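K.L.:
Sharing a model that was predicted from the sequence below.
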Amino acid sequence: MIERLSSGNSRVDEVLGGGLVANAINLIIGPPGSGKTILSEQYLFHNATQARPGLFLSTVSEPFDKILRYGESLTFFDADAIGSTVFYDDLGPTLVTRGLEGLSEKIGSLMKEFQPGVLVIDSFKAIGAFAADEAEYRRFLHDLAGRLTTTVTNTFWIGEYQRHESTGAEFAVADAIIAMDTNRVAEREVRVLQVMKLRGSGFASGEHAYRVTSSGISIFPRLADRQDASAYILRAERDSTGIAALDEALGDGYWEGSSTLVAGPTGVGKTLMGLHYAFAAAREGRPAIIATFQENAIQLGRVASGFGWSLDDPCISMMSRSPVDLHIDEWAYDLLHLIEETDATRVVVDSLGDLLLAAPDQVRFRELIHSLTQRCGRRGVSLFFTLEIAELFNATSISPVAVNDNVVVLQYYRTGTELRRSLTVLKTRGSSHTPEVRDFHIGRDGLTLGEPIDVA
């Protein structure tokens, strides 16, 4: 069994296949301000003990007192641990006056004095500027790596390297390389963490969104689940849509754990159909979640009350997020946590288009929706997505994903000078349905289906 070093954050450890391999040299790279120092200090404070203290050594990139001052603003920073289990020292003066030879001696002396379990050197890249040539720098690295290996220390070298710079000697010496960076998508900036190397262990590939908070690095592992082929059990009974005539058109409602897409132009009634579905569950005492990007609780509460529903219903939970600063994986983890917390049986997501706009690309969006539907389906949680389309009449393209069990299209049609609404069930996986175009009306009782109509 490989011994692991935990960060104290379960999601960081998840990305690293259970944690960093213990007693290794770890290189954390990224531009200034990306959170490299904060991540290393999370490891430092979480793992430091009296017997094996943590040792943080600054070089010439950032003033020693500034590191301490900013560290004190973080919740994991334990002031009582300073001088007890966590120690800070400044290598800058030694490096400036005595070069790499003096620096090697200084590090050796400190390691002998403290016998640290965790050692952080920040910034490691700055050391290279004091080498007379590449040969001297490589000798320094070889000597330091040998000393660290014999003392069984968890080491972190922090440097302002870019991901495309991964050809230096320190990259070859390091057992693990973690890159922290910022991706720009249109007008959005998203911080991403990527494991570039991890000897002796698997890890979660790809880029993982994260935020720098007062609690440290809050990461959202890329939600990209492989298909789980193991068996699971779902109820045989159908779930009512909350609209009797629609249940009939669908073949008696939706299957438990299914995914439904309701697409249509603005104002046609997509959100109202979602409310019908959520409050139908609440009437049966079954918890439901309304996850919206379109309206806040006040706005949606006013809409719901107009049809006799209340968001204060104990079986209804609302999760409202702004589409302006949205990380899709963060949103997914928040939703999965709320499902677990409330034991929800249905989730209404209004709307899928906002998630699509927040995704860095179509592939990432499809991965997330596939993973979310897989996880919810196995729990017996039914998903209901709305999607706004541009066409008011005769929609030609509706779905950005192909994982929906049920697809319902809402459209407008004209009768003389009047603009009316129509509903068509395009797809119901695993059951027969009536693919008719039905007139529907929105009134005080919500959405009421009429007779089949001819809109040719």
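P.N.:
Cool, got the structure.
K.L.:
Quick check: phi and psi at residue 39.
P.N.:
With angles defined as degrees, to the nearest 10, residue 39 sits at phi -60, psi -40.
K.L.:
Tell me who's in contact with the residue nearest to it when sequence neighbours are not counted.
P.N.:
Spatial nearest neighbour of residue 39, chain neighbours left out: residue 217 (5.0 Å); criterion: CB to CB, 6 or more residues apart in numbering. All C-beta spots, glycine's among them, are computed from the backbone N, C-alpha and C. Shown in contact with residue 217 (CB atoms under 8 Å, 6 or more residues apart in numbering): 9, 12, 35, 38-39, 42, 193, 210-211.
K.L.:
now do 7 Å
P.N.:
Residue 217 makes contact with 9, 12, 35, 38-39, 42, 210, according to CB atoms under 7 Å, 6 or more residues apart in numbering.
K.L.:
Which strands or helices does the longest helix seen in the chain pack on?
P.N.:
Secondary structure of the chain per DSSP state H: the longest helix is helix 92-114. Packed against helix 92-114 by the contact rule (3 or more CB pairs under 7 Å, 6 or more residues apart in numbering; DSSP states H and E) you find strand 54-58, helix 134-150.
K.L.:
right, so of these, which gets closest to residue 247?
P.N.:
strand 54-58 (61.4 Å; CB to CB).
K.L.:
Quick one: work out the angle between the closest one and helix 92-114.
P.N.:
170 degrees (axes from the mean of the first three to the mean of the last three CA atoms, to 10 degrees).
K.L.:
Each with direction, which strands does strand 54-58 pair with?
P.N.:
Within its sheet, and counting by DSSP bridges, strand 54-58 is paired with strand 86-90 (parallel), strand 118-122 (parallel).
K.L.:
Need the winner for burial among the ones you listed.
P.N.:
Comparing the strands paired with strand 54-58 by mean neighbour count (mean count of other CB atoms under 10 Å), strand 118-122 ranks first with a mean of 24.
K.L.:
Show me the contact partners of it.
P.N.:
Contacts of strand 118-122 with the rest of the structure, by CB under 7 Å, 6+ apart, involve 37, 40, 43-44, 47-48, 54-59, 153-158.
K.L.:
Ok, stretch 359-367 next?
P.N.:
Residues contacting stretch 359-367 (CB under 7 Å, 6+ apart): 183, 185, 190, 223-224, 328, 355-356, 400-401.
K.L.:
Please apply the same query to stretch 282-298.
P.N.:
271, 278, 281, 300, 311, 313, 315-321, 323, 335, 338-339, 342-351, 354.
K.L.:
Return the subset of these lying in helices.
P.N.:
Using DSSP H, the subset of the contacts of stretch 282-298 located in helices is 271, 278, 281, 300, 335, 338-339, 342, 354.
K.L.:
Mind picking the one among the residues you listed that's closest to residue 393?
P.N.:
residue 271 (20.2 Å).
K.L.:
what's that closest one in contact with, if anything?
P.N.:
Here residue 271 is in contact with 294, 350, 386 (CB under 7 Å, 6+ apart).
K.L.:
again, 6 Å this time
P.N.:
residue 350 (CB atoms under 6 Å, 6 or more residues apart in numbering).
K.L.:
Same check on residue 195?
P.N.:
178, 203.
K.L.:
which other residues reach the helix or strand bottoming out on mean pLDDT in the chain?
P.N.:
When the helices and strands of the chain are scored by mean pLDDT, DSSP states H and E, helix 64-71 comes last with a mean of 72. Helix 64-71 is contacted from outside by 58, 77, 90, using CB under 6 Å, 6+ apart.
K.L.:
how about the helices in this protein?
P.N.:
Secondary structure of the chain (DSSP H): helices at 10-15, 36-47, 64-71, 92-114, 134-150, 169-173, 244-249, 270-283, 297-305, 328-342, 352-358, 362-379.
K.L.:
Can I get the first one as PDB, trimmed to CA atoms?
P.N.:
Looking back up the chat, that one is helix 10-15. Provided in PDB are the C-alpha atoms of helix 10-15 (Å, rounded to 0.1, in the frame of the first residue of the first chain):
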ATOM      1  CA  SER A  10     -11.000  15.600   0.400                       C
ATOM      2  CA  ARG A  11     -11.600  17.000  -3.200                       C
ATOM      3  CA  VAL A  12      -7.900  17.900  -3.600                       C
ATOM      4  CA  ASP A  13      -7.000  14.400  -2.500                       C
ATOM      5  CA  GLU A  14      -9.600  13.000  -4.900                       C
ATOM      6  CA  VAL A  15      -7.900  14.700  -7.900                       C
END
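K.L.:
Buried residues, that helix. List them.
P.N.:
Residues of helix 10-15 classed as buried by neighbour count (16 or more other CB atoms under 10 Å): 11-13, 15.
K.L.:
what about the chain, any weak spots by pLDDT?
P.N.:
63-64, 186, 232, 399-402, 456 (pLDDT under 70).
K.L.:
Okay, domains of it per the record?
P.N.:
4-220, 238-452 (automatic domain parsing).
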